[in-house]
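In: Next comes the sequence, and after it the predicted model I'd like to discuss.
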Amino acid sequence: MVTFNALVLVAALSGAGETVLLDFTSPSCGPCQTMETTVGRLTRDGYPVQKIDVTQRPDVATRFQVTGVPCFVMLSDGEEVDRVVGACS
């Protein structure tokens, strides 16, 4: 399993334009709440993370074909370069 921090590190080192991590989450999702500490730490460390509540933005979840949460989609220059579904280390 790829660790969450490794995913962010690979994107940061790629040097390919703008990179952002989309954090698809839901307030009623236990594993999503578990990931809050890690996502918060990444945000505090300056990594670009955009949190998307799938209950409020189902259109965005559909666009990115998110079928389960938590789901982390790494975009570089608007293109998906990696994805992790489920809570991870």
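Out: The structure has been received and is ready for your questions. Numbering: from 1, shown residues only.

In: contacting residues for the residue nearest to residue 78 when sequence neighbours are not counted?
Out: Leaving out its chain neighbours, the residue that sits closest to residue 78 by CB to CB, 6 or more residues apart in numbering is residue 18, at 8.0 Å. Just so you know, the C-beta spots here come from the backbone N, C-alpha and C atoms, and that holds for glycine as well. When contacts are counted by CB atoms under 8 Å, 6 or more residues apart in numbering, residue 18 touches 48, 76, 77, 78.

In: In those, which residue is surrounded by the most others?
Out: Highest neighbour count within the contacts of residue 18, by other CB atoms under 10 Å: residue 76, with 17 neighbours.

In: hang on, that residue packs against residue 48?
Out: No - taking contacts as CB atoms under 8 Å, residue 76 lies outside contact range of residue 48: 10.9 Å.

In: Identify the contacts common to the two.
Out: Common neighbours of residue 76 and residue 48 (CB under 8 Å, 6+ apart) are 18, 19.

In: Identify those among the contacts of residue 18 that sit within strands.
Out: residue 76 (DSSP state E).

In: Please tabulate the contacts of residue 18 in JSON lines and include distance to residue 65 as additional columns.
Out: Formatted as JSON lines, these follow (distance: CB to CB, whole Å):
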{"residue": "48", "distance to residue 65": "21"}
{"residue": "76", "distance to residue 65": "18"}
{"residue": "77", "distance to residue 65": "19"}
{"residue": "78", "distance to residue 65": "16"}
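
In: Considering the contacts of residue 18, which is situated nearest to residue 89?
Out: Relative to residue 89, the closest of the contacts of residue 18 is residue 48; by CB to CB it sits at 21.1 Å.

In: That concludes my questions; thank you for your assistance.
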